[in-house]
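Asks: Provided below for reference: sequence and predicted model.
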Amino acid sequence: MFGAIPNFQITTAILLRHQRHSDSGCSISLWETAKAVEYGRLTLPLPVAEWLASALTYPGGRLIELTPEIAFESTRLPGAFHKDPADQMIVATARVLKSRLATIDSEILKYPHVDLMT
């Protein structure tokens, strides 16, 4: 879903691998993508609204909504984790869903309390 852009170097480039082997993205990643475009850190091949809509139609993909359980988990992550709330919610999503997380985000990669795809 979010891997369609080469050299995508922000947390938005994540996938969660579920039991059904579908690729899914966290809803917070949509916001991160839009903010990265707004701040000039990311250039998309389409206007951001069109790209986001297109990403949501990726075959086999689904959007994972923020639930109360994920929101609460993001406030009680074990160990030391940095203060970026979006990254906290992405990690919490993977933990709540017991899913593997793929990312190139260096802060998440250092965090030992999430199952990472390697």
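Replies: That came through, no problem.
Asks: Show me what the mean pLDDT comes to for the helix or strand residue 29 falls within.
Replies: Element membership for residue 29, per DSSP states H and E: helix 27-38. Mean pLDDT, helix 27-38: 86.
Asks: on contacts alone, who are the packing partners of the following helix or strand past that helix?
Replies: Where DSSP H and E defines the elements, the next helix or strand beyond helix 27-38 is helix 48-55. Packing partners of helix 48-55 (3 or more C-beta pairs under 8 Å, 6 or more residues apart in numbering; DSSP states H and E): helix 27-38. No exception for glycine: its C-beta is placed from N, CA and C like everyone else's.
Asks: separation between residue 60 and residue 113?
Replies: 28 Å (C-beta to C-beta, to the nearest Å).
Asks: for residue 74, that is, sorry about that
Replies: Counting by C-beta to C-beta - residue 74 and residue 113 are separated by 12 Å.
Asks: Identify each buried residue in the helix holding residue 29, please.
Replies: 28, 29, 30, 32, 33, 34, 36, 37 (16 or more other C-beta atoms under 10 Å).
Asks: where does the chain have low pLDDT?
Replies: 1-23 (pLDDT under 70).
Asks: Show me where it has its strands.
Replies: Ranges of strands in the chain, per DSSP state E, are 15-17, 23-26, 61-64, 100-102.
Asks: which of those sits most buried?
Replies: strand 23-26 (a mean of 23; mean count of other C-beta atoms under 10 Å).
Asks: how many other residues sit next to residue 90?
Replies: Residues contacting residue 90 under the criterion other C-beta atoms under 10 Å number 28.
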